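Student: Let me see the structure of the following:
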Amino acid sequence: MKNIHVILLSYTNQSLKSALMSLNLIKERVLDVTILRDENISSFPNYNDIIEKINYISINDNDLGLTLNKLISNLSGQYIFFLNNQILNSNVASLNLNLSNNQKVITYSQILKNKTIRLPFFIERDLLKDNKFSSKYELPFKEALLPSWLFKINKSYINHTNRKIFSEINKHKTTNIVQKFNFMERYNSPSKKTTDNCPTISVMISNYNMERYIGSALNSCLLQHRQFNQILVIDDGSTDNSWEKINKFSKYPHVQVLKKDNGGKAKALNYLLPYINTEFVLELDADDWLDPDATLIVGDILRTVDKEVSVLYGNLRIWKQSSINNISYKGISKGKQIGNKTELISYPFPLGPRIYRTNLLKSNMGFPIIKFENGRMYEDVSLLNHLLTKGKLLYRNFTIYNVREHDSSITKKNHPNWNDFLKYLD
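Tutor: Residues are numbered from 1 along each chain as shown. Sure, this is the predicted structure:
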C-alpha cells in the first residue's frame, strides 16, 4: 500500500541523487516525494527516472517551519517520512513502518561526540496537521525545528527505534554544529527531574522592537521540562510588529502579555512587578533565549540557597547573529562571585542570568530610575548595586542562558559613557 509521503530536507545537488536512490528500499510504500530547496539552490536536475512523482518546493522566506506547515496541510497520505541530509540503508527493511495503538511517531537517535538527540522521521500526517512546526522567528536556529517539535508531543505517542537505518552524508562537524547539537540534546528528557521543594519561579521580559527575536525568547520559556509558574512579557511601545508576535502567546494560560507607551526597560519591568506572585523571577532579554532545562537547573539550586541571597546568577553562552538565518557559537562567558560595589562595576560583562528574589525586588521598588539616560541604560547595574545592600549576590557555575549578539540590539545602537553613568550610581 502506497501511503507514505517523503519530504527531503537540506540536500545539495551532489547528495540528492543518492538519497533518492535509497528510497527504492521502501518504494512500494511511497506515494510521492517532495524536495525542499534552500534559498541558495535555484534548481535540481531532473530525477524522475529514479522516482516517478517528485515535487520541488522552495522554502518560503527561508522559513522551513511555515513552509512545511503549508505543505503538510495539503497532503493526503497517511504518513510523512522525513529524510534530512541522510541516506536510507538496508536496515530499514526490518523496520515496521506502521503505527499502531496510540503511537503516532517513530524516532531515531543521532549521536555526536557522546551526545544523543532523538529526532522524528516517521509521523502520522494528522498529528502534524494538529501540531504545527515553529516558524524561524520562534527558534534559536533552524536545526532545532524537529527536536523542538518532538518536545511538545505527548510521550505516549512516540515509538523509538534503535535500528541504524540512516547513513549521514556530511560527517564533517564544525564547532558551531557541535554546540548547536549540545543545545538540542537538552530537549531530551533529563536524567534528573528533581522538583521537590523547588520554589516558584516566573520569567519577565521587556520587549522593544525585537519582532525578529521575541518569539524565540517566549518559545524557549514554554519549551521547559519544568514549566515556569508565570511568564510575563511587556511590550514597551514598539514601533515594529512585535505586539502581533507577542499577543499570539496570550493563548497559553500561564502567559500574561501587557503593553505600554515607550519609557525604557527599567520602567517596563517595574510595570510588571505587581503581577509577579512567585518567590523568584528570572529576567530574560527579548533577543535572548533559555535552555529547555533552565527551570530544572535553577530550581534545584534555589532549593538550597540562604534567605539573604537576593540574586542568583551564573554563566552566559554567547552566540553571534550575523543575519536572521545565520547564527554562530562564540563561547561561554564564565561568571565569578561578586561581593561589593567595586567588583560589580568592574565585572567584565553583564552579570547574568539574573534570578531575583521577588520580595527583595519589590521592596526595592524595582529598578531604580536614575537621571542618567532617564534610567534607560545600565538598569541592571543600578538594581544590583541597590540589592548588594539588602542581601547577597550568589554565583553558581551553571549555564542555561543564551545571549544573542546582533547589530540591532539596544546596546549596539546606543553607546552612553560608562564613566558618566558611574557618577549617578549611589
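Student: where does the closest residue to Leu273 other than its chain neighbours fall, helix, sheet strand or coil?
Tutor: Nearest non-adjacent residue to Leu273, counting by Cβ to Cβ, 6 or more residues apart in numbering: Gly366, 5.0 Å away. Glycine gets a C-beta too; all of them are placed from N, C-alpha and C. Recorded secondary structure, Gly366: coil (DSSP: H, G, I helix; E, B strand; the rest coil).
Student: One more: the one 3 residues further on?
Tutor: At Ile369, secondary structure determined by three-state DSSP is coil.
Student: one step back: would you agree the residue nearest to Leu273 is in contact with Leu269?
Tutor: Yes: Gly366 is within contact range of Leu269, at 6.6 Å (criterion: Cβ atoms under 8 Å).
Student: So for the two, which residue has more residues nearby?
Tutor: A count of neighbours by other Cβ atoms under 10 Å puts Leu269 above the other of Gly366 and Leu269, at 24 against 20.
Student: Please, which helix or strand holds that one?
Tutor: helix 265-272 (DSSP states H and E).
Student: buried set for that helix?
Tutor: Buried residues in helix 265-272, defined by neighbour count with 16 or more other Cβ atoms under 10 Å: 265-272.
Student: How about residues contacting that helix?
Tutor: For helix 265-272, contacts defined as Cβ atoms under 8 Å, 6 or more residues apart in numbering pick out 204, 206, 208, 232, 234, 236, 258, 260, 283, 365-369, 375-376, 379, 382, 410.
Student: Kindly format the C-alpha coordinates of it as CSV.
Tutor: Extracted in CSV, the C-alpha atoms of helix 265-272 (Å, rounded to 0.1, in the frame of the first residue of the first chain):
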residue,chain,number,x,y,z
LYS,A,265,13.4,48.9,30.0
ALA,A,266,13.5,49.8,33.7
LYS,A,267,10.1,51.4,33.7
ALA,A,268,8.7,48.5,31.6
LEU,A,269,10.0,45.8,34.0
ASN,A,270,8.7,47.8,37.0
TYR,A,271,5.3,47.8,35.4
LEU,A,272,5.3,44.0,35.6
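Student: returning to what we had before: same list (the buried residues of helix 265-272) but as TSV, adding pLDDT and distance to Tyr157.
Tutor: Below are the buried residues of helix 265-272 laid out as TSV (pLDDT from 0 to 100; distance: Cβ to Cβ, whole Å):
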residue	pLDDT	distance to Tyr157
Lys265	93	41
Ala266	93	45
Lys267	95	45
Ala268	96	40
Leu269	96	39
Asn270	96	43
Tyr271	97	41
Leu272	97	36
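Student: now those residues as CSV including distance to Trp149?
Tutor: CSV is the format used below for those (distance: Cβ to Cβ, whole Å):
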residue, distance to Trp149
Lys265, 32
Ala266, 37
Lys267, 37
Ala268, 32
Leu269, 32
Asn270, 36
Tyr271, 34
Leu272, 30
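Student: which phi and psi does Asn13 have?
Tutor: phi -60, psi -40 (degrees, to the nearest 10).
Student: from memory it sits against Asn46, does it?
Tutor: No: Asn13 is beyond contact range of Asn46, at 11.8 Å (criterion: Cβ under 8 Å).
Student: Please enumerate the shared neighbours of those two.
Tutor: In contact with both Asn13 and Asn46: no residue, using Cβ under 8 Å, 6+ apart.
Student: How is Glu373 classified with respect to secondary structure?
Tutor: Quick answer, by three-state DSSP: Glu373 is helix.
Student: So what's the gap between stretch 57-64 and the chain middle?
Tutor: 20 Å (Cα atoms, centre = their mean, to the nearest Å).
Student: how is the protein carved up into domains?
Tutor: Using automatic domain parsing, the domain parsing of the chain gives 4-185, 201-422.
Student: For the residue nearest to Leu273, give me the pLDDT.
Tutor: With respect to pLDDT, Gly366 has a value of 91.
Student: tell me the contacts of it?
Tutor: With Cβ under 8 Å, 6+ apart, Gly366 has these contacts: 266, 269-270, 273, 383.
Student: let's go with 7 Å and repeat that
Tutor: Applying Cβ atoms under 7 Å, 6 or more residues apart in numbering to Gly366 gives the contacts 269-270, 273.
Student: mind checking which of the domains of the chain is nearest Ser191?
Tutor: Comparison of the domains of the chain against Ser191 by Cβ to Cβ identifies domain 201-422 as nearest, at 10.2 Å.
Student: Can you measure across the closest one, start residue to end residue?
Tutor: 32 Å (Cα to Cα, to the nearest Å).
Student: So which of the domains of the chain has the densest surroundings on average?
Tutor: domain 201-422 (a mean of 18; mean count of other Cβ atoms under 10 Å).
Student: now it, how far from the centre of its chain.
Tutor: Distance, centroid of domain 201-422 to centroid of chain: 16 Å (Cα atoms, centre = their mean).
Student: oh, and call the first residue 12 from now on, that's how I've got it
Tutor: Sure thing, new numbering starts at 12, so read that last one as domain 212-433.
Student: what's the least confident helix or strand in this protein, going by average pLDDT?
Tutor: helix 421-424 (a mean of 55; mean pLDDT, DSSP states H and E).
Student: Check which element follows that helix along the chain.
Tutor: Trace forward from helix 421-424 with DSSP H and E and the next one is helix 429-433.
Student: so for that following helix, what's the average pLDDT?
Tutor: 79.
Student: what sits up against that helix?
Tutor: Residues contacting helix 429-433 (Cβ under 7 Å, 6+ apart): 356, 383, 388-389.
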